[in-house]
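> Dropping a prediction and its sequence here:
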There are 2 protein chains.
Amino acid sequence: MNYSKLVEQIFAKKSFLCVGLDVDGDKIPQCLVDANPKCDVTDLVLHYACDIIDATAPYAVAYKPNLAFYERYGSRGLAVLEEIVTYIKKNHPEILVIADAKRGDIGNTATQYAKAIFGNLKADAVTLNPYMGYDSVKPFLTYHDVARDATCWSVILALTSNPGGLDFQMIKDNFGVPLYQQVLATTSGWKESSFENTMYVVGATRAEMLTEIRKIVPRHFLLVPGIGAQGGSLEDVAKFGMTPDCGLLVNSSRGIIYASKDADYAEAAGAAAQKLQKQMAELLPKR
Amino acid sequence: MNYSKLVEQIFAKKSFLCVGLDVDGDKIPQCLVDANPKCDVTDLVLHYACDIIDATAPYAVAYKPNLAFYERYGSRGLAVLEEIVTYIKKNHPEILVIADAKRGDIGNTATQYAKAIFGNLKADAVTLNPYMGYDSVKPFLTYHDVARDATCWSVILALTSNPGGLDFQMIKDNFGVPLYQQVLATTSGWKESSFENTMYVVGATRAEMLTEIRKIVPRHFLLVPGIGAQGGSLEDVAKFGMTPDCGLLVNSSRGIIYASKDADYAEAAGAAAQKLQKQMAELLPKR
């Protein structure tokens, strides 16, 4: 999905919601377990995820499965994730799929990861860790899938919302520029990179820093986790981070997919997503 | 495998060689393809890897499969990697298996990755990216597998051997300390971390920096890629980086596993590994 199509979807759905599909096999509702006695946990993860997808699709413009929750079950878990992406592409093709993988490795290895994520899994976007620099990101920026002829997005970690995000990302150089800002400035300057194929992860718990961030990357989409459970404010993120094209994908995982532990988990997820979507509709620029 | 057992293996085999099992499905020798007309590429990767393992096992103390080369083929590729690890554990249980995954994510996600790598794949060690800080590494440091009762090693990226390694890792703070040294100092100071459960990735192409590195982490094992194809010198690495317990695992991937493109690929790999092992025997401290 290219930049203009993504913007179009956001204004059509009046939503910049990304739903984090971090389905934890240990948190499957007991009613679902009881109703499917012959299913193993990975079958139940698939079942649960597809229910969540159908309930939230009207309110979401992106899904972000985190690969860890599937890799935990090894090759069978990865097969379930492949089925989930196929399910989204078949039933909700207008929704961006972001593989939250946080990969990063030397050039020839990064090329293999690009094939894994874009070629095999067929995600539209992948989160990347910038620590290893240019040649670890370039294979994702230059990947082109002839069969799809669609943008393959790189979503680079800049400032993360977890406590440990402060350990290294805030270290300042002798000009007083923190590492995360150097990551933004350096990576957005790479010739293969632009706002049309690159996004950045910026945690909502650091919303006040969005003003500085927008000075460096005025047009790039920002993928913003940390709303809700982690304490970030949607209003602050929109106030400091929004662009005329929106420029934001705000993620919620646990607040949506675990909105209820009972048989109404899908309806509850849909209601939680709709609630966020309504708030987002108010915050979007008028068109 | 715990620290003392690893040191014991190194002096028993007179080797600190780690063989990188980055088996590229596009580089399978034609003779192997022709001899197995019913096999798909992942079957051939498995076949090739097991041949390489058997040929090199007498000379190696560690194997390091990079997950990208298997994930490229999705769930089927990951299943092959699971078979490879099982094969090593069954036939060469004295050899450390390092999952080269370069993972790093927020705490509850990192917990899932730890289950994936240590619990499901049953690797002994995993490479980790420190960009997201303490809570992204802690779940690996504190993982304990009751069934195995063995050390689960975290191998943290410090200074990588690729060109992009210079983009951010060398950025100096206002005291002149480069980021990679801050990573070493901070992570080695975490209370869950010690030389008995943590190693660091330091590229051989930066061997002259090992002197500074040893001031910060005098006893930790260093996993050193970049020998051979990437231009690093084994002698320099030993000169500047070796400890009384060796403290080094030097990796070679392409120089061993692609030593020949013909039917003698396994023998050639064994010979290449033996050649390095003989050099290493000369460099080890006398015991």
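Okay, I see it.
> Would you list the phi and psi of the closest residue to chain B within the stretch 151-287 of chain A?
Going by CB to the nearest CB, chain B is nearest to A:Gly164 of the stretch 151-287 of chain A, at 2.4 Å. The way it works is simple: take the backbone N, C-alpha and C, and place the C-beta from them, glycine included. A:Gly164 adopts backbone torsions of phi -70, psi -10, taken as degrees, to the nearest 10.
> contacting residues for it?
A:Gly164 is in contact with B:Ile106, B:Gly107, B:Met132, B:Gly133, B:Tyr134, B:Asp135, B:Ser136, B:Val137, counting by CB atoms under 8 Å, 6 or more residues apart in numbering or on different chains.
> what do you get if the cut-off is 6 Å, keeping everything else the same?
For A:Gly164, the contact set (CB atoms under 6 Å, 6 or more residues apart in numbering or on different chains) comprises B:Met132, B:Gly133, B:Tyr134, B:Asp135, B:Ser136.
> how about the nearest residue to it, chain neighbours excluded?
Among residues not flanking A:Gly164 along the chain, B:Gly133 sits closest, at 2.4 Å (CB to CB, 6 or more residues apart in numbering or on different chains).
> I'd say that neighbour and A:Asp167 touch.
Yes: here B:Gly133 lies in contact with A:Asp167, judged by CB atoms under 6 Å, at a distance of 3.2 Å.
> What is the helix or strand hosting A:Asn251 packed up against?
According to DSSP states H and E, A:Asn251 maps onto strand A:248-252. If you count contacts as 3 or more CB pairs under 6 Å, 6 or more residues apart in numbering or on different chains; DSSP states H and E, strand A:248-252 packs onto strand A:17-20, strand A:221-224.
> Quick check: which of these is buried the most?
strand A:221-224 (a mean of 27; mean count of other CB atoms under 10 Å in any protein chain shown).
> Need the contact partners of that strand.
If you take CB under 6 Å, 6+ apart as the criterion, strand A:221-224 is touched by A:Val155, A:Met199, A:Tyr200, A:Val201, A:Val202, A:Ala204, A:Val237, A:Gly241, A:Gly247, A:Leu248, A:Leu249, A:Val250.
> Would you mind writing the CA trace of that strand as CSV?
Coordinates of each C-alpha in strand A:221-224 appear next as CSV, following Å, rounded to 0.1, in the frame of the first residue of the first chain:
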residue,chain,number,x,y,z
PHE,A,221,4.3,8.6,9.3
LEU,A,222,4.9,7.8,13.0
LEU,A,223,3.9,4.5,14.5
VAL,A,224,3.0,5.3,18.0
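> Tell me the spatial nearest neighbour of A:Met209, not counting adjacent residues.
A:Leu159 (6.4 Å).
> Quick check, the one you found in contact with A:Tyr180.
Yes: A:Leu159 sits in contact with A:Tyr180 when judged by CB under 6 Å, with a separation of 4.3 Å.
> A:Ser253 touches A:Val23, doesn't it?
No: if you go by CB under 6 Å, A:Ser253 and A:Val23 don't touch, sitting 9.4 Å apart.
> re the thing from before, pLDDT score assigned to the residue nearest to A:Met209?
Model confidence at A:Leu159, given as pLDDT, is 96.
> picking up where we left off before, would you reformat the contacts of strand A:221-224 as JSON lines and include neighbour count?
Shown next, in JSON lines, are the contacts of strand A:221-224 (neighbours: other CB atoms under 10 Å in any protein chain shown):
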{"residue": "A:Val155", "neighbour count": "25"}
{"residue": "A:Met199", "neighbour count": "25"}
{"residue": "A:Tyr200", "neighbour count": "25"}
{"residue": "A:Val201", "neighbour count": "26"}
{"residue": "A:Val202", "neighbour count": "29"}
{"residue": "A:Ala204", "neighbour count": "25"}
{"residue": "A:Val237", "neighbour count": "25"}
{"residue": "A:Gly241", "neighbour count": "22"}
{"residue": "A:Gly247", "neighbour count": "20"}
{"residue": "A:Leu248", "neighbour count": "26"}
{"residue": "A:Leu249", "neighbour count": "26"}
{"residue": "A:Val250", "neighbour count": "27"}
